[in-house]
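Novice: Next one to model:
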Amino acid sequence: MDRPEEGGPRLAHLDRDRRLVEAAQADPARFEALYRKYLAQVYSYAFYELHDHHEAEDATERTFLAALTNLGRFEERARPADGEGASTFRVWLFQIARNEVAQRRRARRRRAETGLDLLAEAAGAVDIEGDAVRRDEAASAWRAIARMQGDRRRALILRFVDELSTAEIAGVLGRSEGAVRVLIHRALRDVADDLGPDRR
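Specialist: Residues are numbered from 1 along each chain as shown. Okay, here's the model as predicted:
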């Protein structure tokens, strides 16, 4: 019989992926469940960062390979303040993805490829049933985001493409939640400023 009142406060395990992680740590073949759960999100993040399908696929593959290889060292660090459904595994996985993307960017920096056409194409494909004006607006917004530098762009992509919470984004970027909120606010304002003159 559990007696939660004794021995002080209970440790709350809030990581929604805890059971899947423990299963994969016990049997690496069961990592497939985590792979299937996060494959689309990691690929999407890598594509919006790298603007290249082949590079995004390779970055995604290497992210999951690194996660599987290092899964034994992963430690759950969910706190009550993170809220229900928090996943420190997801934050950890996106930290690996962020590092992989950063390595790829450093490797190809000399070539200075922008990939704006691919980004505009992807933004237009999101709203297949929309009319040409809406596709043009979406493409313009994504071009504005692509012109941003660093963590402002990353914060927007993690929030609105991958739908991470502010706490999760803070974990991925290594910043406080307050700093992430400021990043997102400023990034949205930058997009609005970028698009503003053309919309008046």
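
Novice: Point me to the helix or strand that includes R16.
Specialist: Secondary structure from DSSP states H and E places R16 outside every helix and strand.

Novice: residues contacting the residue nearest to A97 when sequence neighbours are not counted?
Specialist: Distances taken as Cβ to Cβ, 6 or more residues apart in numbering put T63 closest to A97, at 4.5 Å, once the chain neighbours are dropped. (C-beta placed from N, C-alpha, C; glycine too.) Contacts for T63 (Cβ atoms under 8 Å, 6 or more residues apart in numbering) come out as 42, 46, 93, 96-97, 100.

Novice: same thing with D151?
Specialist: Contacts of D151 (Cβ under 8 Å, 6+ apart): 173, 175, 183.

Novice: how much space between the residue nearest the centre of the chain and V101?
Specialist: Centroid-nearest residue in the chain, with Cα atoms, centre = their mean: L158, separated by 4.0 Å. Distance, L158 to V101, using Cβ to Cβ, to the nearest Å: 12 Å.

Novice: Can you pull the residues that touch both of the two?
Specialist: Y45.

Novice: ok, back up a step: can you tell me which of the contacts of T63 are buried?
Specialist: Listed as buried from the contacts of T63 are 42, 46, 93, 96-97, 100; burial here means 16 or more other Cβ atoms under 10 Å.

Novice: ok, R153 - how many residues close by?
Specialist: R153 sits with 19 neighbouring residues when counted by other Cβ atoms under 10 Å.

Novice: Also L173?
Specialist: 20.

Novice: Show me the contact partners of the strand or helix carrying Y35.
Specialist: Counting by DSSP H and E, the element that carries Y35 is helix 32-50. The list of residues contacting helix 32-50 from outside it, by Cβ under 8 Å, 6+ apart, reads 17, 20-21, 23-24, 53, 55-57, 59-60, 63-64, 67, 89-90, 93-94, 97, 100-101, 104-105, 115, 119, 122, 153-154, 157-158, 161-162.
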